[in-house]
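Undergrad: kindly generate the corresponding structure for this input.
(one chain, ligands or ions: 2)
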Amino acid sequence: MQPLIIDRSQHTVSRKNIAPEALRVLYRLHEAGFTAYLAGGGVRDLLLGRTPKDFDIATSAHPNQVKRLFRNCRLIGRRFRLAHVFFPDIIIEVSTFRAHVPADSAQRVTTKEGMIVRDNVFGTPPEDALRRDFTVNALFYDIADYSLVDYVGGLKDLDARLLRVIGDPRVRFQEDPVRMLRAVRFAASLDFTIEETARQAILDMKEHLAQASRERLHEEMLKIFFCGRAEAVLQGLFDTDLFAVLFPEVAAWLDGAGGEAGRDWMRRALRQVDKWKAAGLRPGESLLWALLFGPYFEARSADPGLANLSRTAARARTAHDQLLNPSHRVQIPRNVARGTADILAAQAVFPRTQGKGPRRFAARHVFKDAFVFFKFSARARGENEELVKWWSDFLGGLRDPAPEPPAPAPEAPQRGGVASPSDETSGTSII
Ligand code: ATP
Ligand code: MG
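TA: Numbering: from 1, shown residues only. Ligands and ions are numbered 1, 2, ... in the order given. Take a look at the predicted model:
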């Protein structure tokens with residue numbers, strides 16, 4: 001299979017935009033006589049002039065050969081063996097070229113619905129390109145001569161800003177339904193259009209998403225929330241109805257009492273998360289669910305079984321139970337659900353501004369996130385303006401007159417921690 005090869009003088013991918021650690025791994029593999037490509041989202045993002053989230057490397061070296069070349073390397077993964085090369089600030093993922101194993105092959109283990117469970121079969125570079133999900137995710141940057149290698153028409157699709165599935169979308173979505181969710185995420189975050197047959201396949205096959213593992217869907221949701229265009233992805237999930245497969249009971253509420261106001265709230269919550277992301281901040285997951293589903297929890301907490309609880313306590317209990325609701329396809333960790341309940345329970349404390357209460361409350365672990373939620377709700381509902389001001393003034397008075405701590409570091413995944421909006425010190429724009 002002849003790829004389209006774009007010479008280094010004819011494309012915009014420059015080594016100065018590639019993490020030096022990734023370059024080191026590429027060069028070392030190349031010097032040891034292996035083929036070594038930068039692959040996946042890294043190449044795509046460099047071509048789009050965006051900063052890649054991570055740098056994945058594809059190579060002809062087998063996992064054990066990779067391990068022998070790098071002291072700081074660990075092999076991971078059951079479904080496919082990958083090598084992780086560790087550097088102080090970044091992990092470089094190195095995978096051996098793999099083949100897309102056809103559905104009737106004895107080497108591939110699938111469920112009766114046709115979903116791939118294991119497909120660890122090494123392959124050639126073209127095979128590795130073809131087993132990938134979308135054409136723009138299957139471009140290679142060859143460290144041997146700095147050329148781009150395109151087996152799937154990815155460069156043309158990149159120019160047209162088209163998200164095209166490699167192969168037959170129906171077959172590829174059947175193999176791995178999470179690809180539907182990835183399609184919606186990439187389309188929104190890259191500002192691409194999903195190619196028409198794939199879009200139709202998503203509409204027809206959305207129910208298949210329910211077969212994916214709940215843990216994997218949880219990971220995928222976190223990628224969505226923190227991709228920087230979460231509001232647009234949510235809209236894509238509404239438009240394709242994938243949202244209803246993920247969160248059937250929330251969707252039923254949106255179709256009924258929640259209505260357009262419920263959807264608006266959720267869009268607004270994620271718009272806020274996108275703003276934080278642009279400022280290099282990232283909310284904790286408990287806060288995120290509180291913000292996203294606040295009104296849903298409130299609606300569900302009108303349950304007569306909770307009538308003995310205060311409104312706030314009922315909403316906190318409901319949040320906990322709903323986040324762990326098994327009919328939802330996203331596995332939310334228990335401690336996260338507990339954290340959300342704590343944030344919501346703490347809302348009852350904000351009206352109490354007398355005596356020593358506020359000082360004690362402000363010292364509690366939950367306070368920062370609770371206050372972010374309180375401010376967001378107050379703004380969204382146009383209420384409690386006075387209380388927000390009272391607490392802001394109060395916190396201002398509490399601040400140590402010593403110099404302000406430095407502003408949060410810009411967000412750089414895999415390069416140390418990320419500040420949260422509640423640690424934010426610069427103030428105004430954030431909520
Ligand atoms: P991101 O910016 O989210 O990291 P990415 O394209 O790098 O986007 P990853 O999840 O990091 O996505 O995966 C790296 C590459 O592996 C993808 O670009 C794609 O080529 C391939 N890939 C990932 N998930 C799948 C999948 N479910 N099916 C087929 N190929 C996949
Ligand atoms: Mg990636």
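Undergrad: up against ligand 2, what does the chain have?
TA: The chain comes close to ligand 2 at residues 41, 54, as judged by Cβ under 5 Å from the ion. (C-beta placed from N, C-alpha, C; glycine too.)
Undergrad: quick check: residues of this structure near ligand 1?
TA: 40-41, 53-54, 56, 132-133, 137-138, 176, 178-179, 223 (Cβ under 6 Å from any ligand atom).
Undergrad: hmm, 8 Å instead?
TA: 39-42, 44-45, 52-54, 56, 93, 131-134, 137-138, 172, 175-176, 178-179, 182, 185-186, 189, 223, 227 (Cβ under 8 Å from any ligand atom).
Undergrad: which of those residues are buried?
TA: 39-42, 44-45, 52-54, 56, 93, 131-134, 137-138, 172, 175-176, 178-179, 182, 185-186, 189, 227 (16 or more other Cβ atoms under 10 Å).
Undergrad: of all residues in this protein, which one is closest to ligand 1?
TA: Relative to ligand 1, the nearest point of the chain is Gly41 (2.3 Å; Cβ to the nearest ligand atom).
Undergrad: returning to that earlier point: now, which of the residues of the chain next to ligand 1 lie within helices?
TA: 41-42, 44-45, 172, 175, 178-179, 182, 185-186, 189, 223 (DSSP state H).
Undergrad: got TSV for those residues, with distance to Ser213 and pLDDT too?
TA: Listed next are these as TSV, based on distance: Cβ to Cβ, whole Å; pLDDT from 0 to 100:
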residue	distance to Ser213	pLDDT
Gly41	22	95
Gly42	26	96
Arg44	26	97
Asp45	27	97
Arg172	18	96
Glu175	14	94
Val178	9	97
Arg179	14	98
Arg182	15	98
Arg185	17	98
Phe186	20	97
Ser189	23	95
Lys223	15	96
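Undergrad: the closest residue to Ala129 other than its chain neighbours: what's it in contact with?
TA: Nearest non-adjacent residue to Ala129, counting by Cβ to Cβ, 6 or more residues apart in numbering: Tyr151, 3.9 Å away. Counting by Cβ atoms under 8 Å, 6 or more residues apart in numbering, Tyr151 makes contact with 1, 3-4, 125-126, 129-130, 138.
Undergrad: filter the residues you listed down to the buried ones, ChimeraX style.
TA: The following ChimeraX line selects those of the contacts of Tyr151 that are buried, judged by 16+ other Cβ under 10 Å:
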select :3,125,126,129,130,138
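Undergrad: and the least confident of the contacts of Tyr151?
TA: When those are compared on pLDDT, Met1 comes out lowest, with 83.
Undergrad: tell me which helix or strand the closest residue in space to it that isn't next to it in sequence sits in.
TA: Computed as Cβ to Cβ, 6+ apart, the closest residue to Met1 that is not its neighbour in sequence is Pro126, at 4.2 Å. Assigned by DSSP states H and E, Pro126 belongs to helix 125-130.
Undergrad: average pLDDT across whichever helix or strand comes after that helix?
TA: Note on helix 125-130: by DSSP H and E, the next helix or strand toward the C-terminus is strand 140-142. Averaging pLDDT along strand 140-142 gives 98.
Undergrad: next: stretch 358-368.
TA: The average pLDDT within stretch 358-368 is 93.
Undergrad: buried ones in it?
TA: Buried, per 16+ other Cβ under 10 Å, within stretch 358-368: 358, 361-362, 366-368.
Undergrad: would you map the helices across the stretch 201-350 of the chain?
TA: 214-225, 230-240, 242-246, 248-253, 259-278, 285-300, 311-323, 334-345 (DSSP state H, counting those that start in this stretch).
Undergrad: how about CSV for those, with distance to Glu196 added?
TA: Conversion of the helices of the stretch 201-350 of the chain to CSV gives the following (distance: least, Cβ to Cβ, whole Å):
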stretch, distance to Glu196
helix 214-225, 23
helix 230-240, 13
helix 242-246, 17
helix 248-253, 25
helix 259-278, 25
helix 285-300, 30
helix 311-323, 36
helix 334-345, 38
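Undergrad: one step back: mind exporting the C-alpha coordinates of the helix holding Pro126 to PDB?
TA: Extracted in PDB, the C-alpha atoms of helix 125-130 (Å, rounded to 0.1, in the frame of the first residue of the first chain):
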ATOM      1  CA  PRO A 125       2.700   0.800   9.300                       C
ATOM      2  CA  PRO A 126      -0.200   0.700   6.800                       C
ATOM      3  CA  GLU A 127      -2.000  -1.800   9.000                       C
ATOM      4  CA  ASP A 128      -1.400   0.400  12.000                       C
ATOM      5  CA  ALA A 129      -2.800   3.400  10.200                       C
ATOM      6  CA  LEU A 130      -5.900   1.400   9.100                       C
END
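Undergrad: quick one: which of the ones in helices among the residues of the chain next to ligand 1 is nearest Leu26?
TA: Of all those, Leu26 sits closest to Gly42, with 10.9 Å by Cβ to Cβ.
Undergrad: is it true that the closest one touches Thr51?
TA: No: applying Cβ atoms under 8 Å as the test, Gly42 and Thr51 come out as separate, 10.0 Å apart.
Undergrad: please name the residues that touch the closest residue to ligand 2 within the chain.
TA: Residue nearest to ligand 2 within the chain: Gly41 (3.8 Å; Cβ to the ion). Contact analysis of Gly41 by Cβ under 8 Å, 6+ apart lists 52-54, 56, 137.
Undergrad: which residues are in contact with the spatially most central residue of the chain?
TA: Central residue of the chain (Cα atoms, centre = their mean): Lys223, 0.4 Å from the mean position. Contact analysis of Lys223 by Cβ under 8 Å, 6+ apart lists Arg185.
Undergrad: about what we covered before: any chance of the ones in helices among the residues of the chain next to ligand 1 in TSV, plus distance to Ala261?
TA: Shown next, in TSV, are these (distance: Cβ to Cβ, whole Å):
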residue	distance to Ala261
Gly41	36
Gly42	40
Arg44	37
Asp45	36
Arg172	37
Glu175	39
Val178	31
Arg179	32
Arg182	30
Arg185	25
Phe186	29
Ser189	26
Lys223	27
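Undergrad: and the two most separated of those residues?
TA: Asp45 and Glu175 (24.9 Å).
Undergrad: sorry, back to before: Serialize the contacts of Gly41 to CSV and add fields for distance to Trp276.
TA: Output for those, formatted as CSV (distance: Cβ to Cβ, whole Å):
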residue, distance to Trp276
Pro52, 21
Lys53, 17
Asp54, 20
Asp56, 26
Asn137, 27
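Undergrad: which of those residues fall within strands?
TA: Those of the contacts of Gly41 mapping onto strands are Asp56, per DSSP state E.
Undergrad: and of the contacts of Gly41, the nearest to Asp264?
TA: The closest of those, once distances to Asp264 are taken by Cβ to Cβ, is Lys53, at 29.1 Å.
Undergrad: didn't that closest one look like it was pressed against Asp45?
TA: Yes: in this structure, Lys53 is within contact of Asp45 by Cβ under 8 Å, at 7.3 Å.
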